[in-house]
Structures are given as structure tokens and as C-alpha cells.
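**Student:** predicted model and sequence follow; I will ask about them next.
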Amino acid sequence: MQPAIGGLMTERTANISPLLQARVGGFLYLIIIAAGFFSEGCVRGSLIVSGDAAATAHNILASEQLYRLGGAAEFVTLSCDVTVALILYNLLRPVNRSLALLAAFFRLVFSAVYATLSLTHFAPLVLLGGGDSMVFSAAQLQELATFALKLHGIGYNISLVFFGVHCVLIGGLIARSNFLPRIIGLALAIAGACYLINSFATFIAPAFAGTLFPYILLPGLVAEASLALWLFVIGLDVSRWNKLAGAE
């Protein structure tokens, strides 16, 4: 019964107007960008003090509600990501069904890795807010909290490997389509390559990666924002999409 229900839901989703799907996908993508900027830039970026565990711990506890909101925002982005993965598959499958499905799988793996990674965002609250410890001193708990945040950074780069491949795939599909701008597809493919370079540079040569960051991620921001805005404001060329979909 479950496979039949799942197939029926997929079929109904696919039958929704491609223009409506595009605009919903663009709107959700804008939420992803805004919530991601809030979590990383406004929360972790403002509260974490590099090289100072005590100051970081103080900032987190002093702004605990903000810190919790940053974690909640991550789950908003993940929920949107899963939906966007389905929408992009539906929109791009007329170009190449197998590659569109593969791209969706890579985005879902990215979401799964990032969802697991989110545990490290909340770990400092457990370590710092648990009262007196008979095992660790306050300074040691602060160091452990900082260690959890470092793991968050490493895990983020791991998740970007899968997201980078996703961007390369959907970029190629968009560039090959005739219902979305080719320039956006090329920009996404370049962005995906930048994500991959950033991650592997971090794994292999951290010092070199430090010279690339954050500039190496700027193409991703431009490309993803361009796709989100185009889908939300303009959508796609429905007549060309229908013609290509009819040839499947």
C-alpha cells in the first residue's frame, strides 16, 4: 500500500502546474537563503569568538534564545530543501530524468548529513547549561562546546560535497533546457565546482582553504539567489516545458 500511495502522491505533484511549482520552489529557495544567512551569519557568526572558548560560551549563554532560533532556522532550511529537491526534479526531468533524479538524491543526502550535523549546534547548550559537573571543569566544558562548534564547521564542508555535486547536475540540466536561462545553469555549475573545491581544500590543505574563504562561496550565493528569484518572479517558459515534457 505504501509504494502505491507514494506513487500516487508523486503523480499528483507532477500534475501541478509547472509554473506554480517553479514559483513555490523559488519562494522556498529564498527562505533557504534567508534562514541560512540568519543561522550562519547572524547567530554563529556573531556569537562565536575564534580562539576564545570562554568568550564564545559567554555569548551563547547570554543570547541563548537567539542561539536556539539559529538552530530552529536550520531545520526550516532543511524542510524547504527536501521540498525543493522534489520540485527541481519535477521541473528538470523532461531534460534528463536520470540526471534529475540523481541530483535530487544528492540534495537529499546533503539534507540528511546536515540534519545530523545540527546536533552539534545544540551540543554547546547541553554542555554549558547542565549545571555543575563532577567530571569536567567549567573551562573544560567551554572547550568541549567550542569543539562541537568546530565539528559543525567540518560537517558543513562534508555536506557541501553532496550539495556541490547537486549544483553541478542541476546547473547542467538547466543549461541544456530551453525553458530556463542558460546563464543561470552555467552559474550553478560553476558554483557547484566552487563548493567542491572549498570542501576538498578544507580537507586536504586547510591553510590554503583559509585563503579562499569566503570568496570561493560567493559564486554560490549569486547563482542560487539568481535561480530563486527567477523561479519566484518569472517562473519558466511553460510552452517550451510542456513541449519537452510531452516528448518524454
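**Tutor:** Perfect, I can see it now.
**Student:** assign a three-state SS to residue 116, would you?
**Tutor:** Following DSSP: H, G, I helix; E, B strand; the rest coil, residue 116 is assigned to helix.
**Student:** ok, now how distant is it from residue 226?
**Tutor:** Residue 116 is 30 Å from residue 226, where distance means Cβ to Cβ, to the nearest Å. In short, each C-beta sits where N, CA and C put it, glycine included.
**Student:** just residue 242 next, same as before
**Tutor:** For residue 242 relative to residue 226 (Cβ to Cβ), the value is 24 Å.
**Student:** the more surrounded of the two?
**Tutor:** residue 226 (16 against 13; other Cβ atoms under 10 Å).
**Student:** could you identify the longest helix within the chain?
**Tutor:** Across the chain, the longest stretch assigned as helix under DSSP state H is helix 138-176.
**Student:** now do the buried residues in it.
**Tutor:** In terms of neighbour count (16 or more other Cβ atoms under 10 Å), helix 138-176 has its buried residues at 141-146, 148-149, 152, 155-157, 159-175.
**Student:** list the helices and strands that helix packs on?
**Tutor:** helix 53-62, helix 64-92, helix 97-117, helix 119-128, helix 182-204, helix 218-229 (3 or more Cβ pairs under 8 Å, 6 or more residues apart in numbering; DSSP states H and E).
**Student:** CSV for those helices, including mean pLDDT and distance to residue 45?
**Tutor:** Conversion of the helices and strands packed on helix 138-176 to CSV gives the following (pLDDT from 0 to 100; distance: least, Cβ to Cβ, whole Å):
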stretch, mean pLDDT, distance to residue 45
helix 53-62, 92, 11
helix 64-92, 95, 10
helix 97-117, 95, 17
helix 119-128, 90, 13
helix 182-204, 96, 17
helix 218-229, 95, 14
